[in-house]
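>>> got a structure for you, letters missing:
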Ligand code: NI
């Protein structure tokens, strides 16, 4: 079994909040990320896939195919967007990094499995200090 990771970056706006809570309750729970006027992060996304090396070709998956899948299905929908209001796969979800990692997994898993490899991990770094890992 071999593991391969592709890194991508995107910048996006969000607000972490619940509509059914007051601004002060949201601030208590979500802190600065609940600012009603939005704010942004420069996110780094790591997609790790796994499988057996193709003996004929010597690689796990064509990296340009993997890049294209991630860009088409995820990055193009997130980059320079508002995660709360513009991203179909985050509709009606709280715009946390945890929920984003799960949503990205759900979008990518079938597309990656079509290529004969398995999705292993979705890692998102929201800041240098905070990252989330999801293994499905
Ligand atoms: Ni934030």
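It's in. This structure is a prediction, so every number in the text was calculated from the model and none was measured.

>>> where along the protein do the helices fall?
Counting by DSSP state H, one finds helices in the chain at the ranges 23-30, 63-70, 76-78, 83-86, 97-113.

>>> mean neighbour count for these - can I get that in TSV?
(Each C-beta comes from the backbone N, C-alpha and C, glycine too.) Shown next, in TSV, are these (neighbours: other C-beta atoms under 10 Å):
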stretch	mean neighbour count
helix 23-30	14
helix 63-70	15
helix 76-78	17
helix 83-86	18
helix 97-113	18
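
>>> let's have the ones you listed in TSV, adding mean pLDDT and distance to residue 131.
TSV is the format used below for the helices of the chain (pLDDT from 0 to 100; distance: least, C-beta to C-beta, whole Å):
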stretch	mean pLDDT	distance to residue 131
helix 23-30	96	18
helix 63-70	97	17
helix 76-78	98	16
helix 83-86	97	17
helix 97-113	98	8
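
>>> the ones you listed: which one's closest to residue 44?
Closest approach to residue 44 among those is made by helix 97-113 (11.0 Å; C-beta to C-beta).

>>> quick one: distance of that closest one to the chain centre.
Distance of helix 97-113 from its chain centroid, counting by C-alpha atoms, centre = their mean, to the nearest Å, is 7 Å.
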